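A.B. asks: Starting from these lines, generate the structure:
(4 chains)
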Number of protein chains: 2
Amino acid sequence: MATPGILVVEDDEAIASGLVRVLESEGYAVGRVDSGRAALGAAGDEIGLVVLDLGLPDLDGLDVCRRLRAERSDLAILILTARDTELDIVAGLDAGADDYLVKPFRLSELLARVRAHVRRVDSAGARRSDEPLAAGQLRIDLAARRAWEAETELSLRPKEFELLALLVAEAGRVVTRERIMREIWDTEWLGATKTLDTHVLTLRGKLGEASAITTLRGIGYRLDVA
Amino acid sequence: MATPGILVVEDDEAIASGLVRVLESEGYAVGRVDSGRAALGAAGDEIGLVVLDLGLPDLDGLDVCRRLRAERSDLAILILTARDTELDIVAGLDAGADDYLVKPFRLSELLARVRAHVRRVDSAGARRSDEPLAAGQLRIDLAARRAWEAETELSLRPKEFELLALLVAEAGRVVTRERIMREIWDTEWLGATKTLDTHVLTLRGKLGEASAITTLRGIGYRLDVA
DNA sequence: CTCGATTTTGACCGGACGTTGACGCTGCGC
DNA sequence: GCGCAGCGTCAACGTCCGGTCAAAATCGAG
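C.D. replies: Numbering: from 1, shown residues only, chains lettered A, B, ... in the order given. Purely as a prediction, here's the structure:
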C-alpha cells in the first residue's frame, strides 16, 4: 500500500458517496461505513485516515473518536461537523481528533487537509517503513529519514529529504512542478516563488555525478540515474 | 471512434443550439436532446461525454446523471446548473458527475473542460499513459518525456516532443492542422502563422531517414515510418 | 527569549524556447 | 505556362522560465 487508505464515516447518503467519489478521484483507496459501530470494526491496519462525521445514528461521534484513538495511536482522525463553537472544537480535539472541519466546508479545503494528514501518516512510519526506496546509487530509508548515495550518507535537510524521496520514488519519470508543490508544500500556488528551484539547487549540489536531476522546462523535473 | 461524440442535454432552445454550434465548430460530433428521458435513450456507445443541464422538464437532472453513470461507468458527465452552493456540487459529484459548471459560464471555460474530458476518455480507452508509444524506429516514453530513434535519444524541446508524440500516436494516419493546433497549441486560430511549420521543420531536422513527416497539402501531416 | 538551523523570498541573469516575418519554393488549377 | 495559395526555410527577436546567490524571515531547540 503506497498511500494509506481512508475510511469515511458518514450516514448521510449524498454527502458520503460524494466524498468517496472525490477522494477516489484523487487516487486514495477509500472505504465507507455509515455508523459508529461499523467504523470501529472497519478501521483496520490499512486505514491511515478516518473522516468522521459527528452526527451518527448509533454512537456518539466523539465517543467513536476516542475509541479509535485508543486503539490506533497512529491514526489520523478528521472530524466533520455542523457545530462550530469553540467548545465543540476543543471537545473534538480533546477526544483525539487531529483536525476539525465545519460544514458546510469547501471541497478544496477538505482535500488539502486530507493530503496533509496522509502525508503525515505516510512519513510517520505507518507506511511500510521498510519498503526500500532506491534508484541507482541512491538509497532512501523513509522510516529513519536517511539517504545514501553509494555508501556515503547524504546530509539532507527535511524539505530536501522529502523532495529527494519523491524524485527517487518516481525515478526516471517526470514529476511535475504542480505535483511537487502539492505533495511537499501542500499548495497549488506555484506562481512567482523560487522555493522549489532553490531546493533543487541545493539537492543538486549534494548529489554526485551518478545522479542527475534533469529539468523539463515548463513541465517539472526527472531524476536520472546511471 | 477517433473523437468521442458529445451529447448535449438542454431544454432551453437558445442555449442548446448555441452549444451545439460551438462544439461542432470545434470538430466534435454532437448530438442533442431536450429531455432527461431522451438523454437516457440517446447515450449510446458512440457518446463519450454528456453535457447535462440540471433544469429539465421531465426527470430530475441528478437522477438522469445517476442512471447514466450506472449504465456507462466510462462516460464523462459535465453538469451545467445555476445552483452553485458547495452542497449542490457535492450532490452533483455524488450523482456521478465528473465536472460541474455554474451558469453563467464562459464558453472558453466550457470548451477547456470539454477538451480535458475528451482527452481523458480518449486515452483511458486505448492506451495507458505509461505504456511506451512506438512507430517504426521511434519510441516515445510519455512518463519520462523522452524519445528515441533506434537507440539514440532525441533531444526535443517541449512543443517538439508533444508534436512528435501526437504524430507517433497517429502514425500512418493523417493528422490535420486543425487538430494539431487544438491539441498542442489549444487554439484554432491557424491563420497566417508559421509556428506549426517551423516546428515541423525542426522536427524533420532531428529525425533520421527512417522516419519521414509527409505533408498533405491543404490537410495536414502524416508520419511515415519504414 | 535567544541563537542557530532551515526555509523562503526577491533581484538579477542567462539562455532556451516559441513566434514572427520575409523570402524562396512547389504543386495545382486554369 | 502562369499565377496563386500553401508550405519550406532561416535568421532574428522578445518572452518566459529556471538557475543562482545573498539576505530576510521563519522555525525550533534549549
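A.B. asks: distance of the one residue in chain A that gets nearest to chain B from B:Leu68?
C.D. replies: Scanning chain A for the residue nearest chain B gives A:Gly18, at 3.4 Å (criterion: C-beta to the nearest C-beta). C-betas here are computed from N, CA, C, even on glycine. Here the distance between A:Gly18 and B:Leu68 works out to 17 Å (C-beta to C-beta, to the nearest Å).
A.B. asks: next one: A:Val30
C.D. replies: On the measure of C-beta to C-beta, A:Val30 and B:Leu68 end up 22 Å apart.
A.B. asks: Which of those two has more residues huddled nearby?
C.D. replies: Each of A:Val30 and B:Leu68 had its neighbours counted (other C-beta atoms under 10 Å in any protein chain shown), and the higher figure belongs to B:Leu68 (24 against 20).
A.B. asks: Quick check: the more buried one vs DNA strand D, distance?
C.D. replies: From B:Leu68 across to DNA strand D, the span is 38 Å (C-beta to the nearest atom of the strand, to the nearest Å).
A.B. asks: Keeping just the C-alphas, turn the helix or strand where that residue lies into PDB.
C.D. replies: Per DSSP states H and E, B:Leu68 falls inside helix B:61-71. Output for helix B:61-71, consisting of C-alpha atoms alone and laid out as PDB, is shown next (Å, rounded to 0.1, in the frame of the first residue of the first chain):
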ATOM      1  CA  GLY B  61     -31.200  16.100 -13.700                       C
ATOM      2  CA  LEU B  62     -29.300  14.400 -10.900                       C
ATOM      3  CA  ASP B  63     -31.400  11.300 -11.400                       C
ATOM      4  CA  VAL B  64     -30.500  11.300 -15.100                       C
ATOM      5  CA  CYS B  65     -26.900  11.700 -14.100                       C
ATOM      6  CA  ARG B  66     -27.100   8.700 -11.700                       C
ATOM      7  CA  ARG B  67     -28.700   6.500 -14.300                       C
ATOM      8  CA  LEU B  68     -26.200   7.400 -17.000                       C
ATOM      9  CA  ARG B  69     -23.400   6.700 -14.600                       C
ATOM     10  CA  ALA B  70     -24.900   3.300 -13.700                       C
ATOM     11  CA  GLU B  71     -25.100   2.300 -17.400                       C
END
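A.B. asks: So A:Ile15 lies in a helix, does it not?
C.D. replies: Yes: note on A:Ile15: a helix contains this position according to DSSP: H, G, I helix; E, B strand; the rest coil.
A.B. asks: Report pLDDT for A:Thr202.
C.D. replies: Looking at A:Thr202, its pLDDT reads 93.
A.B. asks: Can you give me every residue that contacts it?
C.D. replies: Residues in contact with A:Thr202 (C-beta atoms under 8 Å, 6 or more residues apart in numbering or on different chains) are A:Arg157, A:Glu160.
A.B. asks: same thing but 7 Å
C.D. replies: When contacts are counted by C-beta atoms under 7 Å, 6 or more residues apart in numbering or on different chains, A:Thr202 touches A:Glu160.
A.B. asks: buried stuff in whatever helix or strand it lives in?
C.D. replies: Element membership of A:Thr202, judged by DSSP H and E, is helix A:195-206. When burial is assessed from 16 or more other C-beta atoms under 10 Å in any protein chain shown, helix A:195-206 yields the following buried residues: A:Leu196, A:His199, A:Val200, A:Leu203.
A.B. asks: which is the next helix or strand following that helix?
C.D. replies: Proceeding N to C from helix A:195-206, the next assigned helix or strand is strand A:211-216, under DSSP H and E.
A.B. asks: one step back: need the CA coordinates for the helix holding A:Thr202. CSV is fine.
C.D. replies: Extracted in CSV, the C-alpha atoms of helix A:195-206 (Å, rounded to 0.1, in the frame of the first residue of the first chain):
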residue,chain,number,x,y,z
THR,A,195,11.3,27.9,-3.3
LEU,A,196,11.3,24.7,-5.4
ASP,A,197,14.1,26.0,-7.6
THR,A,198,16.3,26.7,-4.6
HIS,A,199,15.7,23.3,-3.1
VAL,A,200,16.5,21.6,-6.4
LEU,A,201,19.7,23.7,-6.5
THR,A,202,20.9,22.6,-3.1
LEU,A,203,20.0,19.0,-3.8
ARG,A,204,22.0,19.1,-7.0
GLY,A,205,24.9,20.4,-5.0
LYS,A,206,24.7,17.4,-2.7
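A.B. asks: orientation of it relative to strand A:211-216 in degrees?
C.D. replies: When axes from the mean of the first three to the mean of the last three C-alpha atoms, to 10 degrees is applied, the directions of helix A:195-206 and strand A:211-216 differ by 150 degrees.
A.B. asks: Can you name the residues that contact the residue nearest to A:Gly218 when sequence neighbours are not counted?
C.D. replies: If the residues on either side of it in the chain are set aside, A:Gly218 comes closest to B:Pro158, at 5.2 Å by C-beta to C-beta, 6 or more residues apart in numbering or on different chains. Residues touching B:Pro158, when contacts are defined by C-beta under 7 Å, 6+ apart, comprise A:Arg217, A:Gly218, A:Ile219.
A.B. asks: among those, who's most crowded?
C.D. replies: With neighbours taken as other C-beta under 10 Å, the top of the contacts of B:Pro158 is A:Ile219, carrying 15 neighbours.
A.B. asks: so how far is A:Thr202 from it?
C.D. replies: The separation that A:Ile219 has from A:Thr202, given C-beta to C-beta, amounts to 21 Å.
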